[in-house]
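Student: pasting a predicted model and its sequence here:
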Amino acid sequence: MSASATTPNELRAGALRRRWWRRHRDGFGSLAAAGPALLFLLVLYLIPMAMLLAQSFEGASLPHYQKALTDDLYLRVLFDTLLIAACVSLLCLVLAYPVAYALSILPSPWPAVGIAFILLPFWTSVLVRTYGWMVLLGRNGLINRMLSDLGVIETPLPLLNNMTGVLIGMTHVLLPYMVFPLYAVMRRMDPNLAQAARGLGASGWDVFRRIYLPLTLPGVLAGMTLVFVLSIGFFITPALLGGGKVHMMAVLIEQQVRMFLNWGFAGALSAVLLGATLLVYIVLRRLLRGNMQWS
C-alpha cells in the first residue's frame with residue numbers, strides 16, 4: 001500500500017464532513033443572505049445599545065442601578081409602565097379576537113377589504129392620530145358634546161390627561177399588531193374540527209374553550225408579546241394624552257437624556273425595563289406553554 005493511500009478513518013471523516021455540510025448548507029446560505037440586515041442591526045442598534053449600557057456601570061457599587069431599583073418614584077413608574085402595557089395588551093386581545101375570527105371565516109374578497117381597513121391607520125402618523133384623540137376626548141371634544149346633547153351626561157367625562165385617555169390612544173395604535181398574528185393562526189385552522197365537535201354534541205362554549213382557544217394560543221402569545229413590548233416603549237401617546245399626569249419609563253429615560261444629560265442613569269433605567277420585560281415574557285410563555293404544546 002502506498003503512503004498516499006486513504007485510510008478507512010480518513011474516508012469516514014470525509015464522509016462525516018460532507019454529511020455535515022449538506023445538513024447545514026441551507027442554514028449558511030440563509031445566514032449569508034441575512035448578512036446585510038444583521039450588519040445593519042449590529043452597527044446601528046446593538047453597538048449603540050451596548051455603549052449606553054456600558055455607561056450605566058460606575059464602580060462596584062452600581063449607583064445608577066441602586067437608585068433605579070430602590071427609589072420609590074422609579075419603582076412606581078416601572079410598575080405603572082408594566083401595568084399600562086398589560087392593560088393595553090388585554091384590551092387589544094379582547095377587541096382583536098372577534099375581528100380576526102370574522103376575517104378568518106368571511107368569504108373572499110371580504111378578508112382583503114377588512115385587512116385594508118385595519119392597515120389604513122398605518123398610513124397616518126402616530127402624532128397626528130394622537131392629536132385626533134385629543135380633539136375627540138377633550139372636555140369640549142366631540143364625544144363629550146355628543147353625550148351631553150343626547151342627555152346621557154350632565155358634566156363632561158374626564159377622558160383626557162389621565163389613564164383612560166392613554167389606554168384608548170395606545171389601544172387604537174397597537175390594535176393591528178394583535179389582529180394579524182391571530183388572523184394568521186385562525187386562517188390555518190381546520191373548520192372540520194369545530195363541526196366534528198358540534199356533531200358529537202359539544203356546545204358552542206365547549207368548542208371554543210376546548211378546541212378553538214387552545215389552537216389559537218400561539219397567535220395569542222405572539223400578539224400579546226408584540227403589543228406588550230411595543231407598549232412599554234411608547235412615548236408620544238402617553239406624553240400627550242396623559243397630560244404629564246401619566247408617567248411611563250420611556251418618558252423618564254427621555255428626560256434623563258434631554259434635560260439632565262445623565263446617560264448613565266438612562267442606561268440603567270433602560271436595562272431595568274428590558275429585564276422586567278424579559279421576565280414578564282418568560283412567565284407568560286411558561287403559563288401558556290402547556291396549552292400550546294397540546295395544540
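Tutor: Thanks, I have the structure now.

Student: the stretch 101-250 of the chain: helices as residue ranges?
Tutor: For the stretch 101-250 of the chain, helices defined by DSSP state H, counting those that start in this stretch occupy the ranges 110-119, 126-137, 142-149, 163-187, 191-199, 204-207, 213-232, 236-241, 249-258.

Student: how much space separates Met178 from Leu193?
Tutor: Separation of Met178 from Leu193 (CB to CB, to the nearest Å): 23 Å. Just so you know, the C-beta spots here come from the backbone N, C-alpha and C atoms, and that holds for glycine as well.

Student: can you check Met163 too?
Tutor: Distance, Met163 to Leu193, by CB to CB: 40 Å.

Student: those two: which has the busier surroundings?
Tutor: More crowded of Met163 and Leu193, by other CB atoms under 10 Å: Met163, with 16 against 13.

Student: count the neighbours of the closest residue to that one other than its chain neighbours for me.
Tutor: Leaving aside its chain neighbours, Met163 sits nearest to Val246 (5.7 Å; criterion: CB to CB, 6 or more residues apart in numbering). Neighbour count of Val246, defined by other CB under 10 Å: 22.

Student: surely Val246 meets Leu240?
Tutor: No. Look at Val246 against Leu240 with CB atoms under 8 Å: they stay out of range, at 10.3 Å.

Student: residue contacts, the residue nearest to Met163?
Tutor: Asp80, Ile84, Asn162, Met163, Val166, Pro238 (CB atoms under 8 Å, 6 or more residues apart in numbering).

Student: re earlier: is it possible to get CSV of the helices of the stretch 101-250 of the chain that adds mean pLDDT and distance to Ile282?
Tutor: Formatted as CSV, these follow (pLDDT from 0 to 100; distance: least, CB to CB, whole Å):
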stretch, mean pLDDT, distance to Ile282
helix 110-119, 88, 30
helix 126-137, 89, 29
helix 142-149, 89, 39
helix 163-187, 92, 19
helix 191-199, 77, 31
helix 204-207, 79, 31
helix 213-232, 88, 11
helix 236-241, 88, 25
helix 249-258, 86, 19
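
Student: among these, which is nearest Leu42?
Tutor: Closest approach to Leu42 among these (CB to CB): helix 213-232, 20.3 Å.
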